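Peer 1: how does the following fold in three dimensions:
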Amino acid sequence: MTSAVPPPSSETPPEPAGPAETPAQRGSRRSIAAALLLGALGAALALLASRQTWARGTASVAGGELPLSVTGSDVTGVPAALAIVGLAALVAVFAVRRAGRALVSVLLTLSGAGIVAAALLGAGGRDALDEKAATASGDAAATIGDLGHTGWPYAAAAAGVLILLAGLLALTYGRSWPAMSGRYERDGSPSPRKARRAPDPERPEELWKALDRGEDPTREA
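Peer 2: I've put the predicted structure just below:
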């Protein structure tokens with residue numbers, strides 16, 4: 001009596017699992033994502049806040065009161081400029097290694113700190129409005145009245161904090177972050193020339209191509 005042979009299983013064997021991600025790798029990946037997110041949001045918010053109204057008031061001119069307002073870029077151009085510097089530094093972090101990465105991370109951190117300082121210093125200022133009032137009235141001694149401020153300077157300061165945090169993450173975890181592939185970097189050595197196959201004398205088109213390249217078709221490779 002023969003025993004029944006079980007039919008072959010239609011299920012495919014499970015593929016071997018890849019190497020498990022270590023806690024250090026997970027931490028590095030999360031710090032990269034957090035730094036990129038914080039830096040990009042901070043730069044975008046700083047540029048946006050610089051274009052918004054920071055203060056408004058009225059100037060006395062012949063015939064009545066003239067309403068005036070100033071944007072963040074009128075008050076100070078520092079936040080917008082440092083936002084661009086910080087964004088460039090955030091990208092450059094992944095293009096350099098070792099000491100260069102540390103220097104770029106410091107630049108990123110200082111950019112955020114500079115935005116915070118400039119935004120807070122310009123939050124309660126009135127110099128830009130007084131200059132507009134003097135220009136509108138034709139009186140260099142004219143000042144602004146009914147002075148009021150918006151919350152956009154503090155939004156710019158918050159943007160600086162985000163960039164500052166991105167810089168601190170780069171300083172703390174940047175050593176473990178990957179860098180751009182080295183295969184695109186040049187070390188100054190000449191690249192080896194590919195050996196060319198000698199043209200086939202039986203094929204005239206190859207002889208003509210060799211002549212066009214300045215080669216001697218009669219020379220053996």
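
Peer 1: where does pLDDT dip in this structure?
Peer 2: Where the chain drops to pLDDT under 70, the residues are 1-25, 27, 62-63, 136-143, 180-221.

Peer 1: for it, longest helix please?
Peer 2: Ranked by number of residues, the top helix in the chain under DSSP state H is helix 23-50.

Peer 1: tell me which residues in it are buried?
Peer 2: Neighbour-count burial for helix 23-50, counted by 16 or more other Cβ atoms under 10 Å, picks out 28, 31-32, 35-36, 38-40, 42-43, 45-50. C-beta here means a position set from N, CA and C on the backbone, and glycine is covered the same way.

Peer 1: check stretch 69-84 too.
Peer 2: Neighbour-count burial for stretch 69-84 flags 70-76, 78-83 (criterion: 16+ other Cβ under 10 Å).

Peer 1: would you map the strands across this protein?
Peer 2: Using DSSP state E, the strands of the chain run over 53-61, 64-71, 144-149.

Peer 1: of those, flag the one that's most buried.
Peer 2: With neighbours defined as mean count of other Cβ atoms under 10 Å, those peak in mean count at strand 53-61, which reaches a mean of 20.

Peer 1: hmm, Leu147 is touching Gly125, no?
Peer 2: No: at 10.0 Å, Leu147 does not count as touching Gly125 under the criterion of Cβ atoms under 8 Å.

Peer 1: anything in contact with each of the two?
Peer 2: Shared between the contact lists of Leu147 and Gly125 (criterion: Cβ atoms under 8 Å, 6 or more residues apart in numbering) are residues Ala55.

Peer 1: ok so, going back, export the buried residues of stretch 69-84 as a markdown table, with columns for distance to Leu120.
Peer 2: What follows is those, written out as a markdown table (distance: Cβ to Cβ, whole Å):
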| residue | distance to Leu120 |
| --- | --- |
| Val70 | 16 |
| Thr71 | 17 |
| Gly72 | 12 |
| Ser73 | 16 |
| Asp74 | 17 |
| Val75 | 12 |
| Thr76 | 11 |
| Val78 | 11 |
| Pro79 | 10 |
| Ala80 | 16 |
| Ala81 | 16 |
| Leu82 | 14 |
| Ala83 | 16 |
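
Peer 1: which one among those residues gets closest to Ala113?
Peer 2: Ala113 lies nearest to Leu82 out of the buried residues of stretch 69-84, by Cβ to Cβ, at 9.0 Å.

Peer 1: surely that closest one and Ala46 touch.
Peer 2: Yes: if you go by Cβ under 8 Å, Leu82 and Ala46 touch, sitting 7.4 Å apart.
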